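> based on what follows, work out the 3D shape:
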Amino acid sequence: MTMTAPLIQRLAVVGVGLIGGSFALGLKAAGAVGEVVGIGRSRANLDTALARGIIDRATDDPAAGVAEADLVFLSVPVLSMGPVAARLLPAMRPGAVLTDGGSVKQSVIDAIEPLLPPGVEFVPGHPIAGTERSGAAAALRTGYRNRRCILTPTGRTGAEALALVRRAWQVLGSEVVEMSADKHDRILAAISHLPHMVAYALVNAVGSYDRYEECLLDYSAGGFRDFTRIASSDPTMWRDIALANREALLEMLDRYRNFLDVLRDDVATGAGEQLYEFFHASKQMRDAIDEPTREDG
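Numbering: from 1, shown residues only. Below you'll find the predicted structure:
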C-alpha cells in the first residue's frame, strides 16, 4: 500500500501555548504533519506539551529547533517576534516557510521581512480563535474548526508558501481569508483589541471603587463575569498588542469614548427617549451577529 506523505514533514512551533499548541495538535490529529518540534523557554510548559502529545521533541534553542523544519510557526508576543525571528531565521534552510499567529500584522511584517535570508519565505497570519487561557495545557485539537484565519501576504510572499500555509489552516477546519495588513489591524482593533481594553478598564474601575469597605467585585454575577472574562488574558500579550497596534487602537478608543460620552449625557439629562433609541440600535446590531447559520464550533 502506498503511503501518502504528510503535508508538512517537520513542523517547528516557537511558543507552544494555546495558539501554537492548537495548531500542532490539530495538524497531528489530521495526519498532516510528520514530526513536531516545540521551542520555548519554559521547561514545565514544554513538558506539558510533550505529555499531551502536542510535540515530539522539545528544545529551548530556536536555531536548533528550526534547523530542519519545513514550516515554522511563530507564536510569541508580537513585540518579541522580531527578536525571536532574528535568532531563528539564519538557521532555517532554503525552501522553508515561516508563518505566525500574531494579532497585529503590519508591525510583525516590518520586523521580520528585512531579516529573511535568501530562500526562506514568510506568510503572515492570524487565527481568530483565542481565549483567555494560555499555555500548552490550553491547546485544543479542534480549536480552529469553523473559525476564520486571516492571511496578510505581502509583495514578497511566494505563491507556493502561501498555498502551503493556506492548506494547513484548511486542514484544521478554518475558513481562510486574505487581506492587507492595514485592513487586518483596523478590523482587529475594533472586534478584539478594543473589547479587551474595555474589559481591563471596567475591572479596574469597579475593583478600585472604595466608597464601601468590601470590594464590589465580590458581588459580581454572571453578566459582569461574562463581560469581563477576557480581562483574565495574558497581560504581556495584551501590552504588546496595545503598543504594536497603537494607531488603529487609538482610533477605536476615541470612537468608543464618543459613544460613551453620548450615553453619559443622556443618563445625566434623563433623556429616556434617546436612551431607548441608543439601546435599541445597539440591540439590533448585536442580534444581527447571531443571525448567520455558520456553526461556531
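
> where does pLDDT dip in the stretch 101-250 of the chain?
By pLDDT under 70, the low-scoring segments of the stretch 101-250 of the chain are 130-133.

> which residues in it form strands?
121-123, 125-128, 148-151, 175-178 (DSSP state E, counting those that start in this stretch).

> the first one: which residues count as buried?
Of all the residues in strand 121-123, those buried under the rule 16 or more other C-beta atoms under 10 Å are 121-123. (Each C-beta comes from the backbone N, C-alpha and C, glycine too.)

> my guess is Asn45 contacts Ala136. True?
Yes - if you go by C-beta atoms under 8 Å, Asn45 and Ala136 touch, sitting 5.1 Å apart.

> residue closest to the middle of this protein?
Ser103 (4.6 Å; C-alpha atoms, centre = their mean).

> can you name the residues bridging to Gly38?
Val13, Ala58 (DSSP bridges).

> look up how far Ala168 lies from it.
Per C-beta to C-beta, to the nearest Å, Gly38 is found 17 Å from Ala168.

> please apply the same query to Arg156.
Applying C-beta to C-beta to Arg156 and Ala168 gives a distance of 20 Å.

> count of neighbours near the residue nearest to Arg41 when sequence neighbours are not counted?
Leaving aside its sequence neighbours, Arg41 sits nearest to Asp60 (C-beta to C-beta, 6 or more residues apart in numbering; 5.9 Å). The tally of other residues near Asp60 (other C-beta atoms under 10 Å) stands at 13.

> Pro153 now?
22.

> with Ala281 instead?
10.

> part of a strand, is it?
No - applying DSSP: H, G, I helix; E, B strand; the rest coil, one finds Ala281 to be helix, outside a strand.

> mind checking how far it is from Leu263?
Taken as C-beta to C-beta, the span from Ala281 to Leu263 is 12 Å.
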